[in-house]
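**Q** Predicted model and sequence follow; I will ask about them next.
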Amino acid sequence: MIEVKWRRWPFFYIPLSAFIVALLFPFYWMIVTTLRPDNELYRPWNSPNYTPFWTWHPTLAHIEYLLRETLFTTWMLNTLFISVLATLISLFCGLLAAYALSRLKFPFAGTLGTGIFITYLVPQTLLFIPLADIIRNFQLSDTPWALILTYPTFLVPFCTWLLMGYFKTIPKELEECARIDGATRWKAMLYIIFPVAVPGIISAGIFAFTLSWNEFIYALVFLSTPDEKTISVGVTSELVRGDVFYWGSLMAGALLGSVPVAVIYSFFVEYYVAGLTGSVKG
Amino acid sequence: MAVVSAGSKSASILSRKRGPIGRLLENEWWLACLLLLPTAVLLGFFIAYPFVKGVLLAVTDAKVGIPGQFVGMQNFEAIWHDGIFRVAVWNTFAYTAITTVFKLAFGLWLALLLNRDFKGKVFVRAFILLPFIIPTVLSTFAWKWMFDPTFSVINWILLHLGLISQRINWLGDPHLAMLSVIVVNIWRGVPFYAISLLAGLQTIRPDLQEAAAIDGARPWQRFWYVTWPLLLPVTMVVVLFSVIQTFADFQLVYVLTGGGPANATQLFATYAYQIGIGTGLLSQGAAISLAMFPVLLAVVVVQLLYIRRVEIH
């Protein structure tokens, strides 16, 4: 479309830049704080030598402290273990359920689909208190299994919903051809439908992984020993002593704790966006 | 026709060779049951059972380690007369309403900007989603540090822009604390709105815009009469999703203010946590959590009705 050139500035470049700066500044601030030495960090906001946006003496001391003196690496491994297993369980359940709900004819298929959609909308904060009681009764408190088994409750509905959308786009003829050639339903599902849905499976997997990496309230309530904690809970409870915040190492923890999600995200942006928008549209 | 019947015949011969389980799996009904079993078990154990258990807890006086006796509606009566609970209810509604309006406005604006062609669009789109994918707790800590009473970089910027002369105690003042929490929630939510609405915008055929432009429609008319009505279904779903998430929000407030100062930022979930886990009054905490349910149910019903209406048309 033809457009007057100067108008691109007030109506396009300036607002877009403002959005980018506002959305990314906290991450920049995280990085600067991580690299800043303590004596520079604790200068009051109105002191004349407050240099907010850069540092002349970058240091790795905060990262070193985090890796040597705290359980940070343990928390990272815990979170990784829990997220991977929860994602695999959810993909397994979600794949099977999505296939049944979108490609098989049986009574109540529609009702069950709606039921899954509703559980997808149940927020964790609605059920965490009775769930904590149940986890205690099952003797799962303070083990990774408390989270590996409960995370799928919000991941499975999401995976199912996303994959149902994918399966619906695969033409029925594809499966019928295989069935005519003598494949069983089971084999047609495994060897014909699932391979075609691989992009959907990747989207669901990436999304489920980041959701479990980011989960907070279940991890906060179900885990209590420092050794068992996940990243977000560990950083929240163990890096703050009483009222004292060690901002350097806190920001280093926040930064390093975000890296795995950011890396996976950067490799699979398109899949992630497909998952995000697919989950909304269904 | 002949090919098809021969094919199905050979299939039936093959299936006769299979055992009883193989034959059962050929039945759509049985196969569906089998495929849905893992999901049903999981959701039954960790969604349906906790829900029932939550209702049962809420009508007892259970504390941590003490099973408790049936007390009827006493817990609900107690929270109804609890001043802090009322504050939390009011806060939650205000928090949800204000953030949703701003997230939608900014998200739509950003989506419209991103819908144009420019250099580095792919990069910008990828980076802009960062606030949404980075663990909320961790990014909220960055904000908490930015709001720090003595070391706040926001105060520094405002001072040097000449907007303030005194420091602002962002998280210490009740009104400002609510404002801060709202700002961070908007910051986190805008990318989700923008990317979802952008996906919606991209499904709108550009020739509709061009046709309107040829007919002499001004840019905002093109938006209001062409783009907006076509975008409405996606917008509705995005808003309802986000309303549920915001209404039940916990981590952001927990990290930033812990519900304070003086319960000024207390929400349903943070108050339920404080009572149920903090003080160990399981039953009352469960009652506070469950008090969210009617509102969430209403949103879900609206969403289902809306989706059904869209599907019919």
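**A** Great, that's in hand.

**Q** Pick out the residue nearest the middle of chain A.
**A** Geometric centre of chain A, nearest residue: A:Thr210, 1.8 Å, by C-alpha atoms, centre = their mean.

**Q** Could you look up the SS state of it?
**A** Local secondary structure at A:Thr210 is given as helix here, using DSSP: H, G, I helix; E, B strand; the rest coil.

**Q** That one reaches A:Ala262, doesn't it?
**A** No: the pair A:Thr210 / A:Ala262 is not scored as a contact, 9.6 Å apart, by C-beta atoms under 8 Å. Any C-beta I mention is one placed from the backbone N, CA and C, and that applies to glycine too.

**Q** Mind listing the shared neighbours of those two?
**A** Common neighbours of A:Thr210 and A:Ala262 (criterion: C-beta atoms under 8 Å, 6 or more residues apart in numbering or on different chains): B:Ile133.

**Q** B:Thr92 sits in which helix or strand?
**A** Element membership for B:Thr92, per DSSP states H and E: helix B:83-114.

**Q** quick check, that helix touching chain A?
**A** Yes: in terms of C-beta under 8 Å from any C-beta of the partner chain, part of helix B:83-114 sits within range of chain A, namely B:Phe106, B:Trp109, B:Leu110, B:Leu113, B:Leu114.

**Q** From those, pick the one nearest B:Ser180.
**A** B:Phe106 (17.0 Å; C-beta to C-beta).

**Q** tell me the contacts of that closest one?
**A** When contacts are taken as C-beta under 8 Å, 6+ apart, B:Phe106 is in contact with A:Phe19, B:Ile186, B:Val190, B:Tyr193, B:Ala194.

**Q** gap between the fourth one and A:Pro107?
**A** Same thing as B:Tyr193. 38 Å (C-beta to C-beta, to the nearest Å).

**Q** And for B:Trp145?
**A** In this view, B:Trp145 and A:Pro107 are 56 Å apart by C-beta to C-beta.

**Q** Compare these two (neighbour count), which wins?
**A** Neighbours around B:Trp145 and A:Pro107, counted as other C-beta atoms under 10 Å in any protein chain shown, are more numerous at B:Trp145. The numbers are 22 against 9.

**Q** Could you report the neighbour count for the nearest residue to that one once chain neighbours are set aside?
**A** Distance criterion C-beta to C-beta, 6 or more residues apart in numbering or on different chains; nearest residue to B:Trp145, sequence neighbours excluded, is A:Trp247 at 5.4 Å. When neighbours are counted by other C-beta under 10 Å, A:Trp247 registers 22.

**Q** and what of the one 5 residues further on?
**A** A:Ala252 is flanked by 28 other residues according to other C-beta under 10 Å.

**Q** Likewise for A:Ala183?
**A** 18.

**Q** was I right about it contacting A:Ile192?
**A** Yes: using C-beta under 8 Å, A:Ala183 is in contact with A:Ile192, at 7.4 Å.

**Q** Going along the chain, name the helices of the stretch 51-200 of chain B.
**A** Taking DSSP state H, counting those that start in this stretch to define them, one finds helices in the stretch 51-200 of chain B at B:74-80, B:83-114, B:121-128, B:130-133, B:136-146, B:153-160, B:174-202.

**Q** winner for burial among the ones you listed?
**A** Per residue and on average, the most neighbours among the helices of the stretch 51-200 of chain B fall to helix B:136-146, with a mean of 24 (mean count of other C-beta atoms under 10 Å in any protein chain shown).

**Q** Remind me what that one packs against, helices and strands.
**A** Applying 3 or more C-beta pairs under 8 Å, 6 or more residues apart in numbering or on different chains; DSSP states H and E, one finds that helix B:136-146 contacts helix A:14-35, helix A:231-238, helix A:247-267, helix B:174-202, helix B:251-256.

**Q** a markdown table please, covering those and showing mean pLDDT and distance to A:Tyr42.
**A** Written out in a markdown table, the entries for the helices and strands packed on helix B:136-146 read as follows (pLDDT from 0 to 100; distance: least, C-beta to C-beta, whole Å):
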| stretch | mean pLDDT | distance to A:Tyr42 |
| --- | --- | --- |
| helix A:14-35 | 92 | 11 |
| helix A:231-238 | 90 | 20 |
| helix A:247-267 | 90 | 8 |
| helix B:174-202 | 93 | 21 |
| helix B:251-256 | 93 | 21 |
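
**Q** Any chance of CSV for those helices, columns distance to B:Phe151?
**A** Converted to CSV, those look like this (distance: least, C-beta to C-beta, whole Å):
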stretch, distance to B:Phe151
helix A:14-35, 10
helix A:231-238, 19
helix A:247-267, 8
helix B:174-202, 15
helix B:251-256, 16
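
**Q** B:Phe293 is nearest to which of these?
**A** Evaluated with C-beta to C-beta, the helices and strands packed on helix B:136-146 place helix B:251-256 nearest to B:Phe293, the distance being 19.7 Å.

**Q** For B:Ser283, grab the count of nearby residues.
**A** Here the number of neighbours of B:Ser283 (other C-beta under 10 Å) works out to 25.

**Q** so which helix or strand takes in it?
**A** Taking DSSP H and E as the definition, B:Ser283 sits inside helix B:282-290.

**Q** Just to check, A:Ala100 is in contact with B:Ala40?
**A** No: between A:Ala100 and B:Ala40 there is no contact, the gap being 10.6 Å when judged by C-beta under 8 Å.

**Q** Of the two, give the one with the bigger neighbour count.
**A** Looking at A:Ala100 and B:Ala40 with other C-beta under 10 Å, you find the greater number of neighbours at A:Ala100, namely 26 against 16.

**Q** does the closest residue to that one other than its chain neighbours sit in a helix or strand, and which one?
**A** The shortest distance from A:Ala100 to any residue other than its chain neighbours is 3.9 Å, reached at B:Leu35 (C-beta to C-beta, 6+ apart). Per DSSP H and E: B:Leu35 is located in helix B:28-43.

**Q** which residues make contact with that helix from outside it?
**A** With C-beta under 8 Å, 6+ apart as the test, helix B:28-43 has contacts from A:89, A:92-94, A:96-97, A:99-101, A:104-107, A:109, A:112, A:116, A:119, A:149, A:152-153, A:156-157, A:160, A:185-186, B:24-25.

**Q** State the mean pLDDT of it.
**A** Per-residue confidence for helix B:28-43 averages out to 89 on the pLDDT scale.

**Q** Stretch B:114-121 now?
**A** Mean pLDDT, stretch B:114-121: 87.

**Q** Can you check the distance spanned by that stretch, start to finish?
**A** 7 Å (C-alpha to C-alpha, to the nearest Å).
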